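>>> Sequence first, predicted coordinates after that:
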Amino acid sequence: MKEIFDNRAFPVVWALGLLLSLVLHQPQWLLAVAILSIGYHLWRLISSASRLLRLALAFAAIGASASAANLLLHMPTPIADLAIITARVGTAGSWTLGLAASIDPVALRRHLHNFVWIRPIAEFVDTTIFHGGLLADQWRIRLEAARQRGARCRGPTAINNLGLVLGHGAIVAFDRSLAIEQTRWLRSTSTAEPSPIASPQQQVCDVVLLLADLSSGYGDSDPFLKISNLEVQRGEWIALVGASGSGKSTLLRLIAGLLNIEQGRMRRFDETFDSGPAGPDRRISLTLQNPDHQFLGSTPRDDLLWGLRQHGITGLPAEKRINEIFENLQILDLADQPLRTLSFGQRRLVALASALVTEPQILLCDEMTSGLDPINKSRVIDTSARHLHQGTTVIWATHDLYHLPRAIERIAVLKKGHLHFFGSITEGLSHQILETADLISPSTHHRPLSF
């Protein structure tokens, strides 16, 4: 407990103050407890710049004022009852806020996660805090954008503008909640126990993924995605390219098991699917275009711990894996910072860490280097290559044709939901293939593609 509270005596003091403020009825005793809380919060505040302690001091002052007014004015009921309620709420609130100011929330969450019976509650609180903070940031950004574009800040127009901002923010929150539930399904599935990964030399001829005459989509009458033949071997790095809307993300979601198979068949590892969704497989990890849609913890460390717990990995082995993957990506200093305070690029690195920490056999990356600076792009590619050398298969969806990882030997080119080309990287990057796939313009001079 000593890592949660900065002093062992504090929880006892806070608990006694809170209990007394809740059970006492006499104004003079409430006033005594309120004055004691004022002195205690003030003493704590001298050695701290805590905003919570300043707020606790204000609450204690409200409680003391209400109980003192009741004593001095001998107020009759129900005004006296209202004063007692105000005094009790103010004083109890001060002790509650003081307790919050004395706790290390990261250590408390980690301690709660050790109790199996309370873990679902702690995980729910983590997710709620993180995504509530993201929603608040979205509202703030949209309000600032509205002001910059000349939106009026007074009168009915301002109310209408505020309604539009809040309404759109609620839609964003709803979409995010749906994405989070899918992520929870992907990251917590217990199907298909992972088998030991053999060396790359033993795996080079093994086919881990096969799509044949397959059609899929999002439930429309005419399936959007149509793949004639796509075969991926164990331990190889496949590039998946195509213009915006060509179906790259849809194909990755299909492989991950989130979309229905309308026609044809898909074989993953040793299992074949010919209808409905294949369902998640814990040997497959998917990183999404928007990293915020795959976080289930408030800090990077908590998020990775969540995923490892689903695989039965806890304690020192879990900490060792987390520290190792953070060191590889050079983000160990961010491990215990709130995720919502990290930049988009930093959150993308954490998303890759959460996908790799469970040591998947197939890694699906959707625009993994988008929004990253050159140094962080290199870190992402080097870390993925390290897992590739350990036998992991990587399917790399990207728009960045000029900075493809060197380990890629084959490329799949999509055009309007169809597999336009699948073959060697040299032939796939030819101007003829890229022009017909609407990836480059024939009227513009392009420097030769290399990787």
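In hand now; what should we look at? Since the model is a prediction, treat every value here as computed from it, not as a measurement. Numbers count the residues shown, from 1 in each chain.
>>> Give me the distance between the two termini of stretch 406-424.
13 Å (CA to CA, to the nearest Å).
>>> Could you do stretch 422-429 as well?
11 Å.
>>> avg pLDDT for that stretch?
Stretch 422-429 carries an average pLDDT of 92.
>>> Could you do stretch 386-394 as well?
92.
>>> go on, stretch 123-139?
If you average the pLDDT over stretch 123-139, you get 72.
>>> If we go by neighbour counts, what in that stretch is buried?
Across stretch 123-139, burial judged by 16 or more other CB atoms under 10 Å covers 123, 126, 127, 129, 130, 131, 134, 135, 138, 139. In this view, the C-beta of every residue, glycine as well, is placed from N, C-alpha and C.
>>> OK, contacts around the fourth one?
Taking CB atoms under 8 Å, 6 or more residues apart in numbering as the criterion, residue 129 is in contact with residue 298.
>>> quick one: it and residue 298, what's the gap?
Distance, residue 129 to residue 298, using CB to CB, to the nearest Å: 5 Å.
>>> got it, and the second one?
To residue 298, residue 126 is 5 Å away according to CB to CB.
>>> Equivalent analysis for the first one, please.
Taking CB to CB as the measure, residue 123 falls 10 Å from residue 298.
>>> do the same with the last one
Between residue 139 and residue 298 the computed distance is 19 Å (CB to CB).
>>> could you say what helices and strands the host helix or strand of residue 265 packs with?
Using DSSP states H and E, residue 265 sits within strand 260-268. Identification of packing neighbours for strand 260-268 by 3 or more CB pairs under 8 Å, 6 or more residues apart in numbering; DSSP states H and E yields strand 207-216, helix 248-256, strand 271-273, strand 276-277.
>>> For burial, what's the neighbour tally of the closest residue to residue 351 other than its chain neighbours?
Counting by CB to CB, 6 or more residues apart in numbering, residue 351 lies nearest to residue 291, which is 3.7 Å off, once chain neighbours are set aside. Using other CB atoms under 10 Å, residue 291 has 22 neighbouring residues.
>>> which residues touch the spatially most central residue of the chain?
With distances taken as CA atoms, centre = their mean, residue 295 lies nearest the centre of the chain, 1.8 Å away. Residues in contact with residue 295 (CB under 8 Å, 6+ apart) are 127, 130, 183, 303, 339, 347, 350, 351, 354.
>>> can you pull out the helices in the stretch 201-350 of the chain?
248-256, 300-310, 315-329, 344-356 (DSSP state H, counting those that start in this stretch).
>>> Please render the ones you listed as CSV that adds mean neighbour count and mean pLDDT to the earlier fields.
Shown next, in CSV, are those (neighbours: other CB atoms under 10 Å; pLDDT from 0 to 100):
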stretch, mean neighbour count, mean pLDDT
helix 248-256, 22, 92
helix 300-310, 23, 89
helix 315-329, 16, 93
helix 344-356, 23, 93
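>>> Turn the ones you listed into CSV, columns for distance to residue 178.
CSV is the format used below for the helices of the stretch 201-350 of the chain (distance: least, CB to CB, whole Å):
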stretch, distance to residue 178
helix 248-256, 13
helix 300-310, 19
helix 315-329, 28
helix 344-356, 18
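>>> where in the stretch 1-150 of the chain is pLDDT low?
1-11, 49, 75, 104-119, 145-150 (pLDDT under 70).
>>> And the helices in it?
Under DSSP H, counting those that start in this stretch, the stretch 1-150 of the chain gives helices at 9-23, 27-46, 51-73, 79-101, 105-113, 119-148.
>>> re earlier: let me see the confidence value for the residue nearest to residue 351.
90.
>>> and the end-to-end length of stretch 352-365?
8 Å.
>>> next one: it to chain centre, how far?
Remark: stretch 352-365 is offset 14 Å from the chain centroid, using CA atoms, centre = their mean, to the nearest Å.
>>> repeat for stretch 411-430
Using CA atoms, centre = their mean, the offset of stretch 411-430 from its chain centre is 32 Å.
>>> Tell me the buried residues in it?
411-415, 417-422, 425, 428-429.
>>> mean confidence score for whichever helix in the chain runs longest?
In the chain, with assignment by DSSP state H, the single longest helix is helix 155-188. Across helix 155-188, pLDDT averages out at 74.
>>> ranges for the helices of the stretch 351-451 of the chain?
Under DSSP H, counting those that start in this stretch, the stretch 351-451 of the chain gives helices at 374-389, 425-428, 431-436.
>>> okay, the shortest one in PDB with CA atoms only?
Right, helix 425-428. Provided in PDB are the C-alpha atoms of helix 425-428 (Å, rounded to 0.1, in the frame of the first residue of the first chain):
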ATOM      1  CA  ILE A 425       7.700  -6.000 -55.200                       C
ATOM      2  CA  THR A 426       9.700  -4.900 -58.300                       C
ATOM      3  CA  GLU A 427       6.900  -5.600 -60.700                       C
ATOM      4  CA  GLY A 428       4.200  -4.300 -58.400                       C
END
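>>> elements contacting that helix?
strand 237-242, strand 410-415, strand 418-424.
>>> Residue 215: which of those is closest?
Of all those, strand 418-424 sits nearest to residue 215, with 10.4 Å by CB to CB.
>>> tell me what the closest one is packed against?
Using 3+ CB pairs under 8 Å, 6+ apart: strand 418-424 touches strand 225-233, strand 410-415, helix 425-428, helix 431-436.
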